[in-house]
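Enquirer: let me see the structure of the following:
(one chain, ligands or ions: 1)
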Amino acid sequence: MSVSADPQSRKALVDLAQKFTGREITPFLTTWETDGMLPRDLHRRAADVGLLGIGIDPKLGGSGGDFADVVAMTEAMIGAGASGGVISALFTHGIALPHVIDEYHRRVDAADVDGADYLLAQTIEPVLRGEMILSLGVTEPDGGSDVSRLRTRAERVNESWTVSGAKTYITSGVRADRVVAAVRTPETGEGAAGITLMMLDPASPGYATPRALAKMGWWCSDTAELAFNEVPVAPRDVLGLGLGFASLANHFVSERLSLAVTAYATAQRCLDLTEAWAKNRETFGRPLISRQIVRHTLVDMYRRTDVARVYTHAITDRYINGEQLIAEAALAKQTAVEAAEFVANAAVQLHGGMGYMRESEVERHYRDVRVLGIGGGATEVMTDLVARLRGY
Ligand SMILES: Cc1cc2nc3c(=O)[nH]c(=O)nc-3n(C[C@H](O)[C@H](O)[C@H](O)COP(=O)(O)OP(=O)(O)OC[C@H]3O[C@@H](n4cnc5c(N)ncnc54)[C@H](O)[C@@H]3O)c2cc1C
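Expert: Prediction:
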């Protein structure tokens, strides 16, 4: 399937995403939450209908479309009953693959045909066919907010490398077939300049069995701690010596906007569920929605959700048109996270005892949204970034 920005294609994409969610995700989500991971088959099925490659060039095996299509797809899936955990696990490649694609283009520009073909055939295409799971490993046990201080090291061994160190909280890290890991390459210098992205193969010697981490939410999204002891890395798996930090920074905007979308889309889903509940649930002989305080709470939920959505859409449009929007993406994330936390909390409250029960969908969203203000840049770090960018 190929999509473009025209409304008909966008509508077809939204229909597809909703139907796929209803058929392939919501009937099984409770089981996957208990399992602690998504089945690998889901990636293949999402690829078969064209959802896995939305926003990625068809020449590379993607489905085409732009970032606005990714936004529309995410909204549609969460609106049809998927969850932030599903989105994070099924589309983990969304934060990892862009770095491989950047290096592919650098190799094409440098006329390194074999090197480019290798990345395309061995990683990009299999990931987009749903046959390979690709994670991004940046955060370390010592700290995640300050990426420039990461300590996992690569040592040169003849023409190749070995990597030693540890990563933690890595999404899809239990199931990953490859991990794009940020490592320190001593000869490229200290701080941010000394960071390189390398693709690690979990089947390599020295790559310990990933440790699955138990979490507050996002249960269907496996999260791992990884340990490396002199894991060998071939030169063709090095994604640009010393270019790691710049590559990560290049994709911060889309990563933060994606998390903003997950946040307000989850808020919208909680609002929809709560409106329906408030119309049906009776207390003291009248439906909940007949009470002014309940109606006003619903309006507050709607206001916060819509403000977050409209702001994120506006920033997304400008981002697609090529503007540099580091501060705005951070603010979109923060605004949407605040909306999601407020709305999910209000949804649980208005559902009463049922809101606290595992069998209610809002209970899962309440737990799932909590990570959004931590991952992909903690709220305080985002605020500080905006302060610096505004010269405060
Ligand atoms: C479910 C989940 C999935 C994740 N997936 C991935 C992944 O796939 N890949 C990956 O690399 N990482 C992943 N992460 C890691 C995530 O990006 C980090 O947790 C995040 O960047 C924060 O880093 P940290 O946990 O080390 O917190 P720290 O950096 O130790 O910060 C702790 C807290 O201190 C506060 N803080 C930090 N710095 C400042 C400051 N300068 N001023 C004021 N307050 C501050 C914030 O409240 C912050 O939450 C994931 C995390 C979670 C929870």
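Enquirer: what mean pLDDT does stretch 47-67 get?
Expert: Across stretch 47-67, the average pLDDT comes to 97.
Enquirer: residues of the protein that sit close to the ligand?
Expert: Residues of the chain lying near the ligand by CB under 6 Å from any ligand atom: 135-139, 143-145, 169-171, 215, 218, 223, 371, 374-376, 378, 380-381, 384. Every C-beta, even on glycine, is put in place using the N, C-alpha and C of the backbone.
Enquirer: quick one, which of those residues are buried?
Expert: Neighbour-count burial (16 or more other CB atoms under 10 Å) is assigned, among the residues of the chain next to the ligand, to 135-139, 144, 169-171, 215, 218, 223, 371, 375-376.
Enquirer: any idea which of those residues is least confident?
Expert: At the low end of pLDDT for these is Gly144, which has 90.
Enquirer: so who does it touch?
Expert: Residues counted as contacts of Gly144 (CB atoms under 8 Å, 6 or more residues apart in numbering) are Val138, Thr168, Tyr169.
Enquirer: redo the residues you listed as CSV? Include secondary structure.
Expert: Formatted as CSV, the contacts of Gly144 follow (DSSP: H, G, I helix; E, B strand; the rest coil):
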residue, secondary structure
Val138, coil
Thr168, strand
Tyr169, strand
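Enquirer: picking that back up, which among the buried ones among the residues of the chain next to the ligand gets closest to Ala308?
Expert: Proximity of those to Ala308 (CB to CB) peaks at Gly376, which lies at 15.6 Å.
Enquirer: wait, doesn't the closest one sit right on Glu255?
Expert: Yes. Using CB atoms under 8 Å, Gly376 is in contact with Glu255, at 5.3 Å.
Enquirer: tell me which residue in the protein sits closest to the ligand.
Expert: Gly144 (2.6 Å; CB to the nearest ligand atom).
Enquirer: and that residue, its phi and psi?
Expert: phi -120, psi -30 (degrees, to the nearest 10).
Enquirer: and what of the one 10 residues further on?
Expert: Dihedral angles of Ala154 (phi, psi; degrees, to the nearest 10) stand at phi -110, psi 130.
Enquirer: pretty sure it sits against Leu200.
Expert: No. If you go by CB under 8 Å, Ala154 and Leu200 don't touch, sitting 10.1 Å apart.
Enquirer: all helices for this structure, in order.
Expert: 7-20, 29-35, 40-48, 67-79, 84-90, 93-109, 113-119, 125-128, 244-250, 252-280, 292-320, 326-351, 361-368, 379-389 (DSSP state H).
Enquirer: just those helices: most buried one?
Expert: Highest mean neighbour count among the helices of the chain (mean count of other CB atoms under 10 Å): helix 84-90, with a mean of 26.
Enquirer: contacts made by that helix with the rest, please.
Expert: Everything outside helix 84-90 that qualifies as a contact, by CB under 8 Å, 6+ apart, is 25, 29, 32-33, 37-38, 42-43, 46, 52, 74, 77-78, 171-172, 217-222, 262-263, 266, 365, 368-369, 371-372.
Enquirer: to the chain's geometric centre, what's the distance from it?
Expert: Taking CA atoms, centre = their mean, to the nearest Å, the mean C-alpha location of helix 84-90 is offset from the chain mean by 7 Å.
Enquirer: repeat that for stretch 257-265.
Expert: Distance, centroid of stretch 257-265 to centroid of chain: 9 Å (CA atoms, centre = their mean).
Enquirer: picking up where we left off before, mutual contacts of Ala154 and Leu200, please.
Expert: Counting by CB under 8 Å, 6+ apart, the residues touching both Ala154 and Leu200 are Val163, Val233.
Enquirer: now do the contacts for Gln349.
Expert: Gly355.
Enquirer: mind listing what Gly61 touches?
Expert: Shown in contact with Gly61 (CB under 8 Å, 6+ apart): Gly53, Leu120, Ile124, Glu125, Leu128, Arg129.
Enquirer: tell me how far Gln349 lies from Tyr356.
Expert: 10 Å (CB to CB, to the nearest Å).
Enquirer: please apply the same query to Ala332.
Expert: Distance of Ala332 to Tyr356, given as CB to CB: 31 Å.
Enquirer: close enough to count as contact, Glu159 and Pro235?
Expert: Yes. Taking contacts as CB under 8 Å, Glu159 lies within contact range of Pro235: 5.7 Å.
Enquirer: of these two, who's got more company?
Expert: Neighbours were counted for Glu159 and for Pro235 using other CB atoms under 10 Å; Pro235 has more, 13 against 7.
Enquirer: find me the pLDDT at that one, would you?
Expert: With respect to pLDDT, Pro235 has a value of 97.
Enquirer: for it, give me its contacts.
Expert: Shown in contact with Pro235 (CB under 8 Å, 6+ apart): Glu159, Ser160, Trp161.
Enquirer: burial measure for the second one, as a count.
Expert: When you say that, I think you mean Ser160. Ser160: 15 neighbours (other CB under 10 Å).
Enquirer: identify the residues contacting it.
Expert: Pro232, Val233, Ala234, Pro235.
Enquirer: in those, which residue is surrounded by the most others?
Expert: Among these, the one with the most neighbours (other CB under 10 Å) is Val233, at 22 neighbours.
Enquirer: surely that one meets Glu159?
Expert: No. Using CB under 8 Å, Val233 makes no contact with Glu159, being 10.9 Å away.
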